[in-house]
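**Student:** For reference, the sequence and a predicted model appear below.
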Amino acid sequence: MNKPANPALRNSRLKLLLIMAVFAAPMIAAGILTFTGWQPSGKANGQPIAPQRNFADENLRVQLSDGQSWAWRAAEPQLTLIALAGPDCAAQCVDTLTKMAAARITLNRNAPRLRLLYLGTPPVDSGQDGMKNYWQLGTDSDGKLARYRPSEPDSVAALLVESNGTALSLYAAGFDPTGLRKDLQKVIR
């Protein structure tokens, strides 16, 4: 003979099942979305690098102005923002470089987590405008980044590279430095 369930026991079981459903529902929804191939799309200002490249694995050599080689993998995790100037970097190019350095400064306490690397011939007045205070100056020894360098005079493009050497985003010539700053604030926390 079956005894009827105690109403208090039945209520406790119902509450337990509801609590389990509250925690399981998001996981089930995430599984369904992943299985169907949906991926969230964030609004980034840079263009993703496709196919993805890892500069450390490619042995992309960068010779710094002091004769040292650039280490893609730093001692502590740091992203690298590479500036690639077009021919005849002048006023507009220097203005963009200054805004890129200012974007690093706006990271406040996280500013040391971003390294600034300028590849190419420095602007004419680079010694006077304090460029060396913010940027490491170097050259792409093998020309492997030539396809990202702008061909327009007085312009600059940028590459954002992860701490393991993986190129994340390209900011083509004419990019908005404010958009770059917003992306940096999202990535570097």
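**Tutor:** Nice, I can see it. Residues are numbered from 1 along each chain as shown.

**Student:** which SSE is Leu159 in?
**Tutor:** For Leu159, the host element (DSSP states H and E) is strand 156-161.

**Student:** Can you name the next helix or strand after the helix or strand harbouring Arg10?
**Tutor:** Following DSSP H and E, one finds Arg10 within helix 7-35. Sequence order places strand 47-48 as the next helix or strand after helix 7-35, per DSSP H and E.

**Student:** How far off centre is the helix or strand of the chain with the lowest mean pLDDT?
**Tutor:** Within the chain, confidence by mean pLDDT, DSSP states H and E is lowest for helix 131-134 among all helices and strands, at a mean of 82. Between the centre of helix 131-134 and the centre of its chain there are 21 Å (C-alpha atoms, centre = their mean, to the nearest Å).

**Student:** domains for this structure, by residue range?
**Tutor:** For the chain, the structural domains run 1-40, 47-187, going by automatic domain parsing.

**Student:** Who are the contact partners of the most centrally placed residue in the chain?
**Tutor:** The residue lying closest to the centre of the chain (C-alpha atoms, centre = their mean) is Leu160, at 4.8 Å. Counting by C-beta atoms under 8 Å, 6 or more residues apart in numbering, Leu160 touches 46, 79-82, 167-169, 171, 183-184, 187. Just so you know, the C-beta spots here come from the backbone N, C-alpha and C atoms, and that holds for glycine as well.
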